[in-house]
Every structure is written in C-alpha cells, then in structure tokens.
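>>> Have a look at this prediction, sequence included:
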Amino acid sequence: MNIADACAMQISDIAEWVGGLHEASMAPLLAALLQTLDSFVEIGLGYLSLDRPSGTLSGGEAQRVKMIRHLGSSLTDVTYVFDEPTTGMHPHDVQRMNDLLLRLRDKGNTVLVVEHEPETIAIADHVVDLGPDAGTAGGTVCYEGTVEGLRASGTITGRHTSTTGPTSRGRCGRPPPRWRSAAQVSTTCRTSTSTSRWACWSSSPGWPARARAR
C-alpha cells in the first residue's frame, strides 16, 4: 500500500491497518498516529478519508477535527469556543464528544460551548441560560450557576433538561450587563432549545474569563 492508497481509505480502516503494524523503531510514531486516528473514530468521524478537502466538511465536522488537533497540542491555558459541535451527530456519538470536551478542559484549558444537546449541558461546570425566547425576545440572563440549579430553576432550559423539575415557567432573571465574567471556577458553556443560551467551562483557577452575553 502506498500513501495515496492510505489517504483514500476511510479513517476507521486506516486505524485498523496502523494498529496491525509492528516496528520497534517506529513504535512512538505509530502510537501517536493510532491515537489520533482512534480519536476520529471515537467522535464519529471514522467515515472521513484523509484526502477529503477541508472545505467540503460541514461546520460540525470541521469543529470536531479542530478539537482532535488541539487534543494533541502541548499548549495549555488556551480558551476554546465551540458553537454547537454536536450538530448532525448521532446520539450514540454525543457521549464521545463530551469525553473529548472534558479531556480538552482537563489539559488546563478553558472551553466555552454553545449547545442545545441536554446530554452536553449535563456535563457543564457552569451554565449561563439566556432567554426566555429566541431572537429579539431573548438576551436576558434567566439563570446562572450549576446544572443542578438549572434543572430546578423553572426556566425553559431547566424544564427541557429535567423531567422532575418544576413545570412552571417561573421568572426570568435580570437583563445581563454588557459583559459577564467567570473567575476561579471550572466552567462549561451550553444552550437549550429555541433560545440562545450560554454557559462556560474553565479549568484554570483565577482565570479572568469574560464572556460577552449574546
């Protein structure tokens, strides 16, 4: 097999092929390559080929590719912003995406995520819920705090993420200031259905995170 043949294969097939290679002098290189290829498969991108032009990737695919690239980086204390990275993902792959987000955070980075997937909201360290509705009817901070508090808040997002929480809509909080800040917390950002909602992740204590409410 030559390099052109390998690049034309699905990533899942290449990972299987690389896993069968055994060459002591190249062991570190093969291990790093296999880890990267396996990350593509785990996050639901095993169907891609390495010769696929990056311009043909969907927004969700491109974000996931970047996430895998940054997981292999030695940089820390970096702020990452992802806009609905689970878009188009099969529900089976959402947990794998969550695992990658946590791994990226645990490397000492700050991860901000805007999302509508309840399973991803559930792993947030800190949530900012904007609403109460979409477009011009939104922009108010309805809730800010832990996921547990969100579920009991009575907001649209809270009721959407909990089957046992309050059924009343409740009051939506005060209008947001120009800038919201999150400091000395480990934070993760998520959203909910039909509204524009924000939350944040940060693993660096004392990090002066400043998230503009949108």
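That came through, no problem.
>>> Can you mark which positions in the helix or strand harbouring residue 7 are buried?
Using DSSP states H and E, residue 7 falls within helix 3-8. When burial is assessed from 16 or more other CB atoms under 10 Å, helix 3-8 yields no buried residues. Every C-beta, even on glycine, is put in place using the N, C-alpha and C of the backbone.
>>> quick one: average confidence on that helix?
Mean pLDDT, computed over helix 3-8, is 92.
>>> Only the C-alpha atoms, please, for the helix or strand following it, written as PDB.
Downstream of helix 3-8, the first helix or strand assigned by DSSP H and E is helix 11-19. Extracted as PDB, the C-alpha positions of helix 11-19 are listed here (Å, rounded to 0.1, in the frame of the first residue of the first chain):
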ATOM      1  CA  ILE A  11     -10.100   6.700   8.700                       C
ATOM      2  CA  SER A  12     -11.600   3.700  10.600                       C
ATOM      3  CA  ASP A  13      -9.900   1.400   8.100                       C
ATOM      4  CA  ILE A  14      -6.600   3.200   8.300                       C
ATOM      5  CA  ALA A  15      -6.700   2.900  12.100                       C
ATOM      6  CA  GLU A  16      -7.200  -0.800  11.900                       C
ATOM      7  CA  TRP A  17      -4.300  -1.100   9.500                       C
ATOM      8  CA  VAL A  18      -2.000   1.000  11.500                       C
ATOM      9  CA  GLY A  19      -2.900  -1.000  14.600                       C
END
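>>> Let me see the residues that make contact with helix 11-19.
1, 6, 9, 30, 33-34, 37-38, 40-41, 45-50 (CB atoms under 8 Å, 6 or more residues apart in numbering).
>>> Let's see that with 6 Å instead.
6, 33-34, 37-38, 40-41, 46, 48 (CB atoms under 6 Å, 6 or more residues apart in numbering).
>>> where's residue 72 relative to residue 17, distance?
20 Å (CB to CB, to the nearest Å).
>>> Which of those two has more residues huddled nearby?
residue 17 (14 against 10; other CB atoms under 10 Å).
>>> Return the distance of that one relative to residue 24.
With CB to CB as the criterion, residue 17 and residue 24 are 18 Å apart.
>>> What is the neighbour count of the closest residue to residue 48 other than its chain neighbours?
Spatially, and ignoring its direct neighbours in sequence, residue 48 is nearest to residue 11 (5.4 Å; CB to CB, 6 or more residues apart in numbering). The tally of other residues near residue 11 (other CB under 10 Å) stands at 20.
>>> Check residue 11 and give its pLDDT.
pLDDT, residue 11: 95.
>>> again with residue 57
For residue 57, pLDDT reads 91.
>>> got it, and residue 36?
90.
>>> Specify the local secondary structure of it.
helix (DSSP: H, G, I helix; E, B strand; the rest coil).
>>> What is the subsequent helix or strand relative to the helix or strand residue 128 falls within?
Assigned by DSSP H and E, residue 128 belongs to strand 126-131. Sequence-wise, the next helix or strand downstream of strand 126-131 (DSSP H and E) is strand 140-145.
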